[in-house]
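Visitor: After the sequence you'll find the predicted model.
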Amino acid sequence: MTTQLSSVSEVLPPPTERYTILGWLHKNLFSSWFNSILSIVAGSFVAVVLVGIIKWVFVSAQWAVVNDNIALYMKGQYPGAQDWRLWVLIYLAALLVGLMWSSYFHRVDVIAWVLVSIFLVLAIWLLLLGKAAWWKLLLVDGFGIVGFSLGQRFPNVSKRLTILLLLLYMPLVLLIIRGFGTDGFIPQIGTNLWGGLLLSLLLAIIGIVFSFPIGVLLALGRQSQMPALKTLSIIYIEVIRGVPLITLLFMGQLMLPFFLPAGISIDRVIRAVVAIIMFAAAYMAENVRGGLQSIPVGQYEAADAIGLSGYRKMLNIILPQALRTVIPVLVGQFIGLFKDTSLVALVGLLDLLGIARGILANPSYIGRQLEVFVFIALIYWIFSYAMSYAARRLEISLGVGER
Amino acid sequence: MSRKLIVLFAVLIVSVLVISACASAAPAPAEQKASEPAQSTTQSTLDVVKARGKLICGSNQAVPGFGFLQTDGSFAGFDIDFCKALSAAIFGDPSKVEYRPLSAKQRFTALQAGEIDVLIRNTTWTLTRDTELGANFAPTTFYDGQGITVRRDSGVNTLEDLAGASICVASGTTTELNLADQMASRGIAYTPVVFETADETTSAYLDGRCDAYTTDKSGLVARMSLFPNPQDHKILEETLSKEPLGPVVRQGDDQWFDVVKWTVFATFTGEEMGITSQNVDDAKANAKDPNVRKLLGLEGDMGQKLGLSNDWAYNIIKMVGNYAEIYNRNLGPDTVFNLARGLNASWVDGGLLYAPPIR
Amino acid sequence: MATNTSEQSAVPIWRDERYLEIIAQAVVVLGIVALFWWLIHNLLTGLESLGTPLSFRFLGQTSQFDIGETSLEYSRNSSYSRALLVGLVNTLRVSLIGIVFATLLGLIVGVARLSSNWLVSRLAAVYVELLRNIPLLVFLIFLSSTVFHKLPKVQEAAHLGNWAFLTNRGIYIAWFDPAASYTVYRWVLMVAALAAVVVAALLIRKGKRTGRMPLYWLWAFVIFVVVTGLGWFLMPTPPLTVNIPSLQGRNFRGGISLTPEFMAIFSGLVIYTAAFIAEVVRAGIQAVSKGQREAASALGLSGFMTLRLIIFPQALRVIIPPLTSQYLNLTKNSSLAVAVGYPDLFSVGGTIVNQSGRAVEVILITMAVYLSFSLLTSLFMNWYNRRTQLVER
């Protein structure tokens, strides 16, 4: 081995591999007889499944059970006269996404086009169904584009503004959806009328927003030097992680009324939310702890050496680094939390799954389970996958992978 | 970088606080005013309901004819109409009801815990429920009995023919217990296949998961009428049990119990007197019969004795109808169910519905 | 650093961090104790006023309901506690079998995801991405209502010769029944197992001495088969008879049967958890440095041998902790069986709540059981981690 290393600039990049179609096939599918057999088996499997799916979707499936009930799936029994509130929130969200896109990704790429065309396709779908709401979906695209161009126009302001708006957005969602007062501009709408995808998303968002800080506190508690705090944190985390979410939800629905003094009753949705938050916080704590442990001791010592107090050390030095390393795990957990909201259907809330079961109970739709479950599974999938995709983009943009 | 994150974190915490403020504090005034005394014995449920401005009715969402969720998101059915009648009696408006769909398993805990004001969800009156579960049963609105549906071509004619069969049943019901009792007492071996909801139970039977399907006979008829080929199925002659179904309230609030009881009786009485939602205005204008006058609030202050307005029964009949109307609307000849009145006819017609005099 | 200042002018107690810490902790602990005392007080008085004071004595009462699937003896005359036990056994049954199959499937998918075959690795990726992004509950209800309940009816059972029948009442597979001579044959089995173990141990020792490891598991297997086979023919009558399922009356009898409810929760848990295990396996394999793989191929090991001898042993240490938590998740997720009608612990508990009105007691018992599963597993994991840490270089 030569000791003399060529300088970096002299090293040529490896030649980019170029294949003909046949060459690609040979390398990736038919490199050996074993691979060839695998490819043929897998290929025919894919072909059969695809043909089956296409046949079912376009020929044998009866989509009336989905088409007739779109409003129920989306918002449950939320009064139709108040739909405009939800649209306003959707437009705001579109605006925000546009802003974020311009400040973080800077340019329009394939995914942006996919996002835009999703709403285009949905709008065409609604138009074909003869629903009047189709143009509202086009407006979503419009607001997204407006947000994006605003971000491009004022790049300096927009980044900070985006974060601020993003944080304000969540309380705003709750305020607008719930409303206040019996009459007036936005009358209060009881949580018993919240349903469908709307309820699922709300449960997930509130769950994420609340469980995150609680989880961080619990993680710090578990890592702290104070024995009592440490023990309490450990007990909480381990007990909650040891039981299934469904038992917590049942406890919230069935037992909580007994735990409170006679007379105080808490809204059913809030009870479910509390159970979800309690549950998620324990898992969040463990994930954040993973991040804390990944911080080298040197960082702690350095912080001590420059005389930072305990909480300054945590807030300025340790947490920012720790949280950055666990972003992928946290997003994974957020996805889990969103999926877990479906369990509230088992305690009688009419979330996306609950409303789907309610619709299937309608005698006109007997035997339409496949259509309904494929439809709601698709909705869950799109949201979860979008989250994990966004996480991957964020990870790259924050450079987490390059530790 | 870290400073940005700190700012972000701080804003996040602030926004969390804001959310918690509007999530927990905001509903508080409405909630507290409404439901704070829900359980206390000093203030009656009636006052609570009035103060809240709506009735919370534990209901079914998946039994066609009795209580189910319609495409437009509203509830309909025989049981639901009694919720409406109660609301009409209290508020003079049948729509001030919040329906809380409950599974068979959840219903009693929801009632005990004061989450609902009244449970109208085809619930059978039994001694244990009346005592240990802390429930009080209002008059039976529907006399039922448990039956078994089988396929016509299965050759099953009696319970004994079901030896070795799988039988679909909903969990947490008296049906489940009756089935176990009957089969044990006759020494018939069978496999129970238990599901959470009535819906899952029927669809499992239709899929051929079970040889037979058991629930109250009314439920069987209601369900069967919706089967793809109703003529392929039949209900066995045998009745496994008595199932008196009616509204349920918590023990310990007599005034509220009275309101629920007499709301039901008012619908019975309306039918006895031949007063319907169509002719009730007429009847009120020309009422001579003292009994009719008392019912419609023209004399005797009957409503006030219940803590309601005097036109309570008028409102029930005008807005929801008498028992016959409620029955026919949901289960009668014009519906797909076409259930014969049978035991559920007024005593005048030889049935069991008999209201004490309103005087 | 601050020692000499504190000696001169002692830091006042209210600013001394040591005291502050203790006070803060005391406040928190007191607050939490008070909160709990308050909650429990409410609970007890509330239950008292309902006439159902907290007590576990109801567990001895007759349950009065039947359970469809029981591994233990159970009837409507059994007690509530017996019913809970039946539920517990059902939970364990589906969890344990589920764990085994989820591991196998997860392993296959995880390895397939790293396959050099483009189609296979894409397929595995689609599988993982599809399953990881839909809720388990939706998947379970989907499986139960659109797959297992839509299998052929009993009369039109799909079958594999006479050996297996596929119907929407269950899957029936031919199985062995012990015959009269089985009591003796059991000893033969034990001897065979013992012989196999001894042979394997000897071969391993020899392998360690000579540095050439023989195929000890193959030899052990051969010994086992030879001894059991000999024993079989020496018996006067065959010790096991094949029990073939057949349609008797309305249902199949004989063989082992798997109900659609069991199959729904079982296959749902397996397919779903396998997607997560696949990711764990993939991460584990990728954690093994590339040099190891290159070195193995330089030594001329085949792809499979590289995986078995080089990659897996090293990946295992990374894989085990997340794998255990997936196992725990699977066990906890089995409580969703309630949605497909399989009588697991949680589902039986729900029925008891309704029939007895004892919500608080039953939920407490259920939570305690799940909690003890996970605590036992954590204890085992701690022990395992300590063990593997010693091996660490």
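Guide: In hand now; what should we look at?

Visitor: alpha carbons only for contacts and neighbour counts from here, please
Guide: Fine.

Visitor: Got the phi and psi for residue B:150?
Guide: Main-chain dihedrals, residue B:150, degrees, to the nearest 10: phi -130, psi 170.

Visitor: Any idea what it is bridged to?
Guide: Beta-bridge pairing for residue B:150 (DSSP bridges): residue B:212, residue B:234.

Visitor: remind me which residues of the stretch 201-350 of chain A are low pLDDT?
Guide: Along the stretch 201-350 of chain A, segments meeting pLDDT under 70 span A:262-265.

Visitor: quick one, helices of it?
Guide: Taking DSSP state H, counting those that start in this stretch, the helices of the stretch 201-350 of chain A run over residues A:227-242, A:245-250, A:256-259, A:268-294, A:297-305, A:310-312, A:319-340.

Visitor: now the first one and helix A:268-294, what's the angle there?
Guide: If I follow you right, that is helix A:227-242. Counting by axes from the mean of the first three to the mean of the last three CA atoms, to 10 degrees, helix A:227-242 lies at 120 degrees to helix A:268-294.

Visitor: Just list what helix A:227-242 packs against, helices and strands only.
Guide: Applying 3 or more CA pairs under 8 Å, 6 or more residues apart in numbering or on different chains; DSSP states H and E, one finds that helix A:227-242 contacts helix A:196-223, helix A:268-294, helix C:17-49, helix C:359-391.

Visitor: what do you get if the cut-off is 7 Å, keeping everything else the same?
Guide: helix A:196-223, helix A:268-294, helix C:359-391 (3 or more CA pairs under 7 Å, 6 or more residues apart in numbering or on different chains; DSSP states H and E).

Visitor: Would you format these as CSV with distance to chain B included?
Guide: Shown next, in CSV, are the helices and strands packed on helix A:227-242 (distance: least, CA to the nearest CA, whole Å):
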stretch, distance to chain B
helix A:196-223, 6
helix A:268-294, 8
helix C:359-391, 7
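
Visitor: Redo the ones you listed as a markdown table? Include mean neighbour count.
Guide: Shown next, in a markdown table, are the helices and strands packed on helix A:227-242 (neighbours: other CA atoms under 10 Å in any protein chain shown):
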| stretch | mean neighbour count |
| --- | --- |
| helix A:196-223 | 22 |
| helix A:268-294 | 22 |
| helix C:359-391 | 15 |
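
Visitor: Quick one: closest of those helices to residue B:111.
Guide: helix C:359-391 (12.5 Å; CA to CA).

Visitor: returning to what we had before: what's the closest of the helices of the stretch 201-350 of chain A to residue B:312?
Guide: Nearest of the helices of the stretch 201-350 of chain A to residue B:312, taken as CA to CA: helix A:268-294 at 30.8 Å.

Visitor: and the closest one with helix A:319-340, angle?
Guide: Using the same axes, to 10 degrees, helix A:268-294 lies at 140 degrees relative to helix A:319-340.

Visitor: Now find how far off-centre helix A:268-294 is within its chain.
Guide: Chain-centre distance of helix A:268-294: 15 Å, with CA atoms, centre = their mean, to the nearest Å.

Visitor: Remind me what that helix packs against, helices and strands.
Guide: helix A:196-223, helix A:227-242, helix A:245-250, helix A:319-340.

Visitor: Can you give me the neighbour number for whichever residue of the stretch 101-250 of chain A sits closest to chain B?
Guide: Among the residues of the stretch 101-250 of chain A, residue A:171 lies closest to chain B, at 5.0 Å counting by CA to the nearest CA. Neighbour count of residue A:171, defined by other CA atoms under 10 Å in any protein chain shown: 20.

Visitor: quick one on the thing from earlier: dump the helices and strands packed on helix A:268-294 to CSV, plus distance to residue B:145.
Guide: Listed next are the helices and strands packed on helix A:268-294 as CSV, based on distance: least, CA to CA, whole Å:
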stretch, distance to residue B:145
helix A:196-223, 36
helix A:227-242, 44
helix A:245-250, 31
helix A:319-340, 39
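
Visitor: Nearest to residue A:191, out of the helices of the stretch 201-350 of chain A?
Guide: helix A:268-294 (6.4 Å).

Visitor: by how many degrees do that closest one and helix A:196-223 diverge?
Guide: Going by the same axes, to 10 degrees, helix A:268-294 makes 40 degrees with helix A:196-223.

Visitor: tell me which element the residue of the stretch 101-250 of chain A closest to chain B is part of?
Guide: Secondary structure assigned from DSSP states H and E places residue A:171 in helix A:155-178.

Visitor: How about the closest residue to chain A within the stretch 201-350 of chain C: what's its closest non-neighbour residue?
Guide: Nearest residue of the stretch 201-350 of chain C to chain A: residue C:332, at 5.0 Å (CA to the nearest CA). The shortest distance from residue C:332 to any non-neighbouring residue, by CA to CA, 6 or more residues apart in numbering or on different chains, is to residue A:244 (5.0 Å).

Visitor: cool, and residue C:239?
Guide: Per CA to CA, 6+ apart, closest to residue C:239 is residue C:182, 4.4 Å.

Visitor: Look up the pLDDT of that neighbour for me, please.
Guide: For residue C:182, the model assigns a pLDDT of 80.

Visitor: Number of residues surrounding it?
Guide: By other CA under 10 Å, neighbour count at residue C:182 equals 19.

Visitor: what is the rounded mean pLDDT of stretch B:100-110?
Guide: On average, the pLDDT along stretch B:100-110 is 79.

Visitor: Stretch B:303-319 now?
Guide: Rounded mean pLDDT across stretch B:303-319 is 93.

Visitor: residues from chain C in reach of chain A?
Guide: Residues of chain C found near chain A (CA under 7 Å from any CA of the partner chain) are C:25, C:39-40, C:42-43, C:46, C:116-120, C:133-135, C:137-138, C:142, C:145-146, C:332-333, C:359-360, C:363, C:367, C:370-371, C:374.

Visitor: Among those residues, filter down to the buried ones and hand me the ChimeraX syntax, if you would.
Guide: Buried residues among the residues of chain C next to chain A (16 or more other CA atoms under 10 Å in any protein chain shown), as a ChimeraX selection:
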select /C:25,39,42,43,46,117,118,119,120,133,134,135,137,138,142,145,146,332,333,359,360,363,367,370,371,374
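
Visitor: Which stretches in the stretch 251-393 of chain C count as helices?
Guide: C:260-287, C:290-298, C:303-305, C:312-333, C:345-356, C:359-391.

Visitor: Rebuild those as CSV, extending it with distance to residue B:182.
Guide: Below are the helices of the stretch 251-393 of chain C laid out as CSV (distance: least, CA to CA, whole Å):
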stretch, distance to residue B:182
helix C:260-287, 25
helix C:290-298, 68
helix C:303-305, 61
helix C:312-333, 35
helix C:345-356, 17
helix C:359-391, 27
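
Visitor: right, and these - which one's nearest residue C:34?
Guide: helix C:359-391 (20.6 Å).

Visitor: From start to finish, how long is stretch B:195-211 in a straight line?
Guide: Taking CA to CA, to the nearest Å, stretch B:195-211 runs 15 Å from one end to the other.

Visitor: to the chain's geometric centre, what's the distance from it?
Guide: Worked out by CA atoms, centre = their mean, stretch B:195-211 lies 22 Å from the chain centre.

Visitor: Run the contact check for it versus chain A.
Guide: Yes. With CA under 7 Å from any CA as the criterion, chain A is reached by stretch B:195-211 at residue B:199.

Visitor: Let me see the mean pLDDT of that stretch.
Guide: 85.

Visitor: Same question for stretch C:379-386.
Guide: The model assigns stretch C:379-386 a mean pLDDT of 81.

Visitor: for stretch B:338-351, same thing?
Guide: Mean per-residue pLDDT for stretch B:338-351: 88.

Visitor: ok, the closest residue to residue B:165 other than its chain neighbours - contacts?
Guide: Closest residue in space to residue B:165, ignoring its immediate chain neighbours: residue B:190 at 5.2 Å, by CA to CA, 6+ apart. Shown in contact with residue B:190 (CA atoms under 7 Å, 6 or more residues apart in numbering or on different chains): B:163-166.

Visitor: now do residue A:212
Guide: Residues in contact with residue A:212 (CA under 7 Å, 6+ apart) are A:281, A:284.

Visitor: go on, residue C:190?
Guide: Applying CA under 7 Å, 6+ apart, no residues qualify as near residue C:190.
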